[in-house]
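Trainee: Fold the following, please.
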Amino acid sequence: MSAVPVQKPIIVTRPKPQLRVEQGTAPSTASRVLSRSAALASVTLAVFFASSLAGQVMVEKARRDGLHAVGRARDAAKEVALLRQSVQDMTQPSRVDEWAQENGFVSPDSLVAQSSPKDSDAKTDN
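Mentor: Prediction:
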């Protein structure tokens, strides 16, 4: 081992700055009122515009639904008219008689008409 002394590095430290404390003033009442009024006005405007837009969207949707409903009602009226015409065609007396003849039905009036001369002959014989 040697007898050479070890040199230490020289460190110069900076002096710590002293903090200065400044006495601030509280914001005035008028500036607080003005800032809060501005915030309230901006929130109010945002809500107004949002609700106006939502209302216009709902009105447009209702208008379109109304137009679709009118169209559906018009189509339904056409279908009802076609069905009514079909029912009237089927319930005409001539058409009912044709159907009865095609299917072998005899009207009760014709049965009475056929049987009444025989009944009258039988009553006269007594």
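Trainee: make it CA atoms for all contacts and neighbour counts henceforth
Mentor: Fine.
Trainee: Output the below-cut-off pLDDT ranges for this protein.
Mentor: By pLDDT under 70, the low-scoring segments of the chain are 1-3, 116-126.
Trainee: just the helices in it please.
Mentor: Counting by DSSP state H, the segments of the chain that form helices are 29-90, 93-102, 108-125.
Trainee: can I get those helices in a markdown table with distance to Pro5 and mean neighbour count?
Mentor: A markdown table is the format used below for these (distance: least, Cα to Cα, whole Å; neighbours: other Cα atoms under 10 Å):
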| stretch | distance to Pro5 | mean neighbour count |
| --- | --- | --- |
| helix 29-90 | 69 | 12 |
| helix 93-102 | 137 | 12 |
| helix 108-125 | 147 | 10 |
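Trainee: Dump these into a markdown table; add distance to Lys16 as well.
Mentor: What follows is the helices of the chain, written out as a markdown table (distance: least, Cα to Cα, whole Å):
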| stretch | distance to Lys16 |
| --- | --- |
| helix 29-90 | 38 |
| helix 93-102 | 118 |
| helix 108-125 | 128 |
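Trainee: nearest to Val21, of those helices?
Mentor: Checking the helices of the chain against Val21 by Cα to Cα gives helix 29-90 as the closest, at 24.1 Å.
Trainee: Sweet, I'm off.
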